[in-house]
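Chemist: I'd like to go over a predicted model; first the sequence, then the structure.
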Amino acid sequence: AQSVTQPDIHITVSEGASLELRCNYSYGATPYLFWYVQSPGQGLQLLLKYFSGDTLVQGIKGFEAEFKRSQSSFNLRKPSVHWSDAAEYFCAVGEGYQGGKLIFGQGTELSVKP
Amino acid sequence: KAGVTQTPRYLIKTRGQQVTLSCSPISGHRSVSWYQQTPGQGLQFLFEYFSETQRNKGNFPGRFSGRQFSNSRSEMNVSTLELGDSALYLCASSFLGGGPGTEAFFGQGTRLTVV
C-alpha cells in the first residue's frame, strides 16, 4: 500500500539557519509528490510539487525539494529560515491519474527560535 | 479568483446528531475531495467527487457520506455523530483531480466539535 513517512515529528531551527525536512514514500508507480504547509487553524497551502522531469523543484517562499527515486525520498529544503516559516509541513503522494486522492505523512512541526 | 470556501468554519454538535458541511470549489474546478484531520490520525482521505460522481473513497464508515452538485459545490454529511468525529474537515478542489499538472487547493476547513 502507498504510504508517506515523515520521520521527524518536531524540528527546531534558529532563524537564518538552513532547513531540511525529510519525506520518504512508498509507491509502486511514478509518484506525484507534494509539500504543503499549514499554519495553526488554517488549511493547507501548496509549497511545491513534483510530477516528472528535473528532480530538483523550486517552490514558493524560497523552498525547494529534491526527488531521489533510489532513496524513495522527497526532502524539503530552505537555505535560510525566517520566523514566519514556523508551521506544520506535510509531504503527500498523489495516487495518480485516476483520482485526486492524496496520502499524507504525519507532518513535521517546525519551530523557529530567534 | 476566489479560493475554496468551506462553511461553517466552526460547529459544535451533540453526540448522536448529524451534521452537514459545505464546500464551494474554485470556479472551474470539477473535482472536490474531503479530508479529516485529527491529532492522532493526521490527515485522512474521506472521498472525492468529480462531475457529481464519487470517484474515490477512503476507509471510513458509512456514517460519512457526500455528494456533489451540478455547480461542483459539495457537501459532506456525518450521521450519528461520535466523540471521535471531532476534527478539522478539509475540502480541496482541483481542475481535473489527479494527473500531471493538477494540484489540490485547500479550504480553511470546518472545525467540528462533538460533545
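Modeler: Cool, the structure landed. Computed from a predicted model, the values in this text were never measured in an experiment.

Chemist: residue closest to the middle of chain B?
Modeler: B:W34 (3.0 Å; Cα atoms, centre = their mean).

Chemist: buried set for the helix or strand hosting that one?
Modeler: If you go by DSSP states H and E, B:W34 is part of strand B:31-38. Neighbour-count burial for strand B:31-38 flags B:31-37 (criterion: 16 or more other Cβ atoms under 10 Å in any protein chain shown). Bear in mind the C-beta positions are built from the backbone N, C-alpha and C, glycine included.

Chemist: Any idea how many residues pack against A:Q106?
Modeler: Per other Cβ atoms under 10 Å in any protein chain shown, the neighbour tally for A:Q106 reads 16.

Chemist: Got the phi and psi for it?
Modeler: Backbone torsions for A:Q106, taken as degrees, to the nearest 10, come to phi -70, psi -10.

Chemist: right, is the worst-scoring helix or strand of chain B on mean pLDDT up against chain A?
Modeler: Taking mean pLDDT, DSSP states H and E as the measure, chain B has strand B:53-57 as its least confident helix or strand, at a mean of 91. Yes: Strand B:53-57 is in contact with chain A by Cβ under 8 Å from any Cβ of the partner chain, via B:55-56.

Chemist: Give the pairing partners of that strand; include direction for each.
Modeler: Take DSSP bridges as the rule and strand B:53-57 pairs in its sheet with strand B:42-50 (antiparallel).

Chemist: Please export the C-alpha coordinates of the partner strand as CSV.
Modeler: The C-alpha trace of strand B:42-50 is given here as CSV (Å, rounded to 0.1, in the frame of the first residue of the first chain):
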residue,chain,number,x,y,z
GLY,B,42,-3.4,13.0,10.9
LEU,B,43,-4.8,13.8,7.5
GLN,B,44,-7.0,11.1,6.1
PHE,B,45,-8.8,11.0,2.8
LEU,B,46,-12.6,10.7,3.0
PHE,B,47,-13.8,10.8,-0.6
GLU,B,48,-13.5,12.5,-3.9
TYR,B,49,-16.2,13.7,-6.2
PHE,B,50,-15.8,14.5,-9.9
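
Chemist: Run through who's touching it.
Modeler: With Cβ atoms under 8 Å, 6 or more residues apart in numbering or on different chains as the test, strand B:42-50 has contacts from A:90, A:92, A:99-107, B:30-38, B:54-60, B:64, B:66-68, B:74, B:76, B:89-90, B:97.

Chemist: sorry, back to before: contacting residues for the residue nearest to the centre of chain B?
Modeler: B:23, B:45-48, B:66, B:74, B:76, B:89-92.

Chemist: any idea how far the residue nearest to it when sequence neighbours are not counted lies from A:L76?
Modeler: Take B:W34 and drop its neighbours on the chain: the residue closest to it by Cβ to Cβ, 6 or more residues apart in numbering or on different chains is B:L46, 4.1 Å away. Remark: distance between B:L46 and A:L76 (Cβ to Cβ, to the nearest Å) = 26 Å.

Chemist: The closest residue in space to A:G59 that isn't next to it in sequence sits in which helix or strand?
Modeler: Of all residues not flanking A:G59 in the chain, A:L48 sits nearest, at 2.8 Å (Cβ to Cβ, 6+ apart). Element membership for A:L48, per DSSP H and E: strand A:44-50.
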